[in-house]
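> sharing a model prediction with you, sequence too.
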Amino acid sequence: MSENIVIGDVRPRIQAVGDGILSTFVFPFAIFKETDLEVYLDDARQLSGYSVIGAGQSEGGSVIFNVPPPANTVVTLRRYLPIERMSDFAEGGAFHAAVINQELDYLVALSQQNADEIVRSVTLDPTDGDVGLVLPLKEQRANACLIFDNEGVPVAGPNVDEIAQAQTNAGIAKQAAAAAQVSASSAAVERASTETARDLTLSARDQAVSAAQHTFSVFKYTAIGGETALSGPDDHAKTLIYTPGVVIVDMNGALWEEGTDYLASDGVSITGFAPLYAGDVVTIRAFGSFSVTAEMDAIVAEGVNQVANVQAEGATQAAVVQAEGTTQTANMQTYAQQMADIVNNIYDGAFFEMDDNGDFMPTLSPVYSETYELDINGDIQPL
């Protein structure tokens with residue numbers, strides 16, 4: 001190991017994505033010995049199957065795998081040092097610069113290691129006020145969610161049984177909502193044509209929103225270094241496809257300008273940009289297009305049919321009521337005329353009897369037992 005090793009301002013951790021071909025992966029930070037480097041494929045730590053080159057070099061080194069990692073495998077390399085001190089300086093003994101430099105280098109490397117762990121931990125924002133972040137006791141937080149009270153202090157939340165019960169209640173509520181929706185749909189059929197048209201328009205809107213949500217795709221590529229074009233499967237095995245003119249591209253969060261920083265014209269690749277460095281992340285957001293003309297035509301046609309059915313049913317019922325009313329009116333007119341004739345003594349001195357319908361009929365002689373006559377006041381009296 002060199003005595004002139006320098007611990008630069010470099011984060012002691014790096015990631016790359018394998019392509020199934022590349023077997024050498026570079027790390028830019030210094031390590032003291034080979035065992036200081038931890039190697040992971042996805043989330044599994046590797047203890048063999050590779051070799052480390054560059055221990056004791058300020059500029060870092062590389063890991064060479066015996067077999068190239070499979071495509072889309074995330075390769076993680078990090079320096080991890082045990083927190084220990086193996087040296088000691090004797091009182092009045094020799095004081096060698098190389099020894100003290102190595103001790104100081106080791107301390108700086110440990111500080112970088114701790115800083116990396118802190119960055120990847122839950123911490124308070126620099127502008128946030130002080131608050132105690134001590135976790136609840138183990139017995140309180142076991143099988144429970146961690147939530148924060150109105151002061152921002154972590155407390156034990158609902159346990160797994162309470163969450164399961166809430167999920168059950170949510171399922172019941174969902175079923176009730178579905179039943180209510182069915183009832184609402186049944187009621188809507190019997191409403192006026194304006195309400196029917198309104199419901200159908202809302203349904204068309206929902207279909208349009210659903211269609212729009214399925215016309216947006218995101219593709220992510222993590223560079224291994226040197227790429228000047230991107231196409232095919234991304235980090236998540238999604239094959240790049242887009243509509244030219246409606247695509248947004250950024251690298252490491254910085255937005256690229258189409259035509260200046262890159263070209264996107266064939267719908268399946270992004271080209272024309274400067275070579276990427278290992279670990280660069282390029283994100284491509286592709287927007288599509290959609291049409292709901294056919295769906296809208298079908299919905300409008302259905303609405304027209306429903307309105308026609310409602311109108312036809314209403315016309316039929318109106319005709320029945322009108323016919324019934326005409327018949328009853330005629331019967332009432334006939335009965336009224338009969339009563340008027342009786343009151344006006346048109347049948348004065350005659351006898352009356354009740355026919356099969358219960359109406360009064362004049363007769364010249366009392367033939368039936370249920371026979372009536374008019375008295376001197378014009379009132380009907382039994383004979």
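Arrived safely.
> helices of the stretch 201-350 of the chain, start to end?
Under the criterion DSSP state H, counting those that start in this stretch, helices of the stretch 201-350 of the chain are mapped to 293-343.
> report the residue spans of it with pLDDT below the cut-off.
201, 204-205, 207-215, 288-350 (pLDDT under 70).
> hmm, try it at 50
Along the stretch 201-350 of the chain, segments meeting pLDDT under 50 span 290, 292, 342-343, 345-350.
> likewise the stretch 51-200 of the chain?
Along the stretch 51-200 of the chain, segments meeting pLDDT under 50 are nowhere present.
> let's see it at 70
Scanning the stretch 51-200 of the chain with the threshold set as pLDDT under 70 gives 187, 193-194, 197.
> is Pro68 in contact with Leu41, as I believe?
No: between Pro68 and Leu41 there is no contact under CB atoms under 8 Å: 10.9 Å. Where C-beta positions appear, they are placed from N, C-alpha and C, glycine not excepted.
> need the overlap of contacts for these two.
Common contact partners of Pro68 and Leu41 (CB atoms under 8 Å, 6 or more residues apart in numbering): Gly18.
> if I look at Asp266, how far off is Ser87?
62 Å (CB to CB, to the nearest Å).
> hmm, who's touching stretch 21-32?
In this structure, residues lying in contact with stretch 21-32 by CB under 8 Å, 6+ apart are 1, 5-8, 10-12, 14, 16, 37, 52, 54-69, 75, 77, 79, 81, 102, 105-106, 109, 112, 224, 278.
> of the residues you listed, buried ones?
Buried subset of those (neighbour count, 16 or more other CB atoms under 10 Å): 5, 7, 10, 12, 14, 16, 37, 52, 54-55, 60-61, 63, 65, 69, 75, 77, 79, 81, 102, 105-106, 109, 112, 224, 278.
> quick one: which of these sit in helices?
If you go by DSSP state H, the buried ones among the contacts of stretch 21-32 have Gln102, Asp105, Tyr106, Ala109, Gln112 in helices.
> nearest to Pro136, of those?
Among those, Gln112 lies closest to Pro136 (CB to CB), at 32.5 Å.
> find the nearest non-adjacent residue to that closest one, please.
Nearest non-adjacent residue to Gln112, counting by CB to CB, 6 or more residues apart in numbering: Pro12, 5.1 Å away.
> the one you found touches Arg78, doesn't it?
Yes: using CB under 8 Å, Pro12 is in contact with Arg78, at 5.9 Å.
> mutual contacts of the two, please.
Common neighbours of Pro12 and Arg78, counting by CB under 8 Å, 6+ apart, are Asp116.
> which residues in the stretch 1-150 of the chain form strands?
Assigned by DSSP state E, counting those that start in this stretch, the strands in the stretch 1-150 of the chain fall at 13-17, 24-27, 37-41, 44-46, 50-53, 61-65, 74-79, 144-148.
> adding distance to Phe95, write those out as CSV.
Formatted as CSV, the strands of the stretch 1-150 of the chain follow (distance: least, CB to CB, whole Å):
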stretch, distance to Phe95
strand 13-17, 34
strand 24-27, 33
strand 37-41, 31
strand 44-46, 39
strand 50-53, 32
strand 61-65, 31
strand 74-79, 28
strand 144-148, 51
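> among the ones you listed, which comes closest to Ala188?
When the strands of the stretch 1-150 of the chain are compared by CB to CB, strand 144-148 sits nearest Ala188, at 40.5 Å.
> and that closest one, how far out from the chain middle?
Distance of strand 144-148 from its chain centroid, counting by CA atoms, centre = their mean, to the nearest Å, is 23 Å.
> note down every partner strand of it and its orientation.
strand 154-159 (antiparallel) (DSSP bridges).
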